[in-house]
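# Let me see the structure of the following:
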Amino acid sequence: MPRASQSSLLKPRKTPSQSRAEQTVAAIIEAAAQVLETDGFEGFNTNAVAQRAGVSIGSLYQYFPGKDALTLALMRREADRFFADAVAASDETTAEAAMEYLIGAAVRQQLQRSTLARLLDAEGSRPAFRREASSPNRFQLLLVQVLERSDMPSQNHPDVAAGDVSAMIRGMVDAAGNRGESDAADLTRRLRAAVFGYLAGTASRG
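Numbers count the residues shown, from 1 in each chain. All right, here's what the predicted structure looks like:
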């Protein structure tokens, strides 16, 4: 399928401009999440989503051309929710507390709705989704801000360290999700050990 045609299947048909329409779109996206959680991608289709949302299939198609567009919209919703949680780390009074908050946000995002997170992670590896969902790594930018605080062990290259820490956190939470882990405290403990151990080992000398 040509790239332009594939791209059009991933984009919403229109953006809601009124409160009621926004509520309808939000209900459709949440219904998509619930269908995925209960039925997986095998049972994920527009009819099932419309039924779960309590809207007609015609109403769904006013906004979304198909299930791929629904999936992408759901990925973006979850990314926005994660960032809205993670950005609160900026309010922490110490760098250590801010880093711990970012770790906690990653754990919450993965384990609060673990089935959904696992399915979206797997689907997000598809090239079309990677291309359409690509955006600046907002989480990594938050990490840079934390690493540049005066009470954090100095890093020669905060941007590189932030990339390493981001990859470390992402890899560990994804692996925990794939294993079906549910112990948030234990995962947080392991992440804290990995992240702060890395930062201590790479801190600037002198």
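# what helix or strand does the most centrally placed residue in the chain sit in?
The centroid of the chain falls nearest to Ala79 when counting by CA atoms, centre = their mean (3.5 Å). Here Ala79 sits within helix 67-86, counting by DSSP states H and E.
# Model confidence for the nearest residue to Glu30 once chain neighbours are set aside, exactly?
Nearest non-adjacent residue to Glu30, counting by CB to CB, 6 or more residues apart in numbering: Ala53, 7.5 Å away. (Glycine included, C-beta is placed from N, CA and C.) Looking at Ala53, its pLDDT is 97.
# for Ala53, what are its contacts?
Each residue near Ala53 by CB atoms under 8 Å, 6 or more residues apart in numbering is listed here: 24, 27-28, 30-31, 60.
# Now do Val144 against Leu111, distance only.
For Val144, the distance to Leu111 equals 25 Å [CB to CB, to the nearest Å].
# do the same with Leu72
With CB to CB as the criterion, Leu72 and Leu111 are 23 Å apart.
# Quick one: mean pLDDT over stretch 151-160.
Mean predicted lDDT for stretch 151-160 stands at 94.
# picking that back up, out of the contacts of Ala53, which are buried?
24, 27-28, 31, 60 (16 or more other CB atoms under 10 Å).
# Any chance of a markdown table for these, columns distance to Val165 and secondary structure?
Formatted as a markdown table, the buried ones among the contacts of Ala53 follow (distance: CB to CB, whole Å; DSSP: H, G, I helix; E, B strand; the rest coil):
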| residue | distance to Val165 | secondary structure |
| --- | --- | --- |
| Thr24 | 39 | helix |
| Ala27 | 36 | helix |
| Ile28 | 35 | helix |
| Ala31 | 35 | helix |
| Leu60 | 40 | helix |
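# right, and out of those residues, which lies closest to Ile169?
Nearest to Ile169 among these is Ala31, at 29.8 Å by CB to CB.
# residues touching that closest one, list them.
Counting by CB under 8 Å, 6+ apart, Ala31 has contacts 49-50, 52-54.
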